[in-house]
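Student: Structural data only, the sequence is not supplied:
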């Protein structure tokens, strides 16, 4: 590896590799959001627009309690 390449940071190949992974992750997220549907997302929102402790938030809090 050349000293110039290490100083400049991300090489061309690594950039392209990461860009491909990012694009793939964005595609998967788009497909997953479409599979869930807007009705399921809207059902979890509180009517007053404030904080709501939904099921996924409770699971997250449970994982924090382990640490």
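Tutor: On my side now, so go ahead. Since the structure is predicted, the reported quantities are computational estimates derived from the model, not experimental observations. Residues are numbered from 1 along each chain as shown.

Student: List the buried residues for whichever helix or strand residue 33 is part of?
Tutor: Residue 33 belongs to helix 12-36 when elements are defined using DSSP states H and E. The neighbour-count check on helix 12-36 (16 or more other C-beta atoms under 10 Å) flags nothing as buried. Yep, even glycine has a C-beta here, placed from its N, CA and C like the rest.

Student: shaky segments in the chain?
Tutor: In the predicted model, the chain carries pLDDT under 70 at residues 1-8, 37-47, 49, 67.

Student: Contacts for the helix holding residue 33 next, please.
Tutor: residue 10 (C-beta atoms under 8 Å, 6 or more residues apart in numbering).

Student: any idea how far residue 32 is from residue 48?
Tutor: Taking C-beta to C-beta, to the nearest Å as the measure, residue 48 falls 28 Å from residue 32.

Student: now residue 60
Tutor: 18 Å.

Student: For residue 56, pull up the helix or strand it's in.
Tutor: Using DSSP H and E, residue 56 sits within helix 55-65.

Student: what about residue 11, how many neighbours?
Tutor: Residues within reach of residue 11, counting by other C-beta atoms under 10 Å, total 13.

Student: where does it fall, phi/psi-wise?
Tutor: phi -80, psi 170 (degrees, to the nearest 10).
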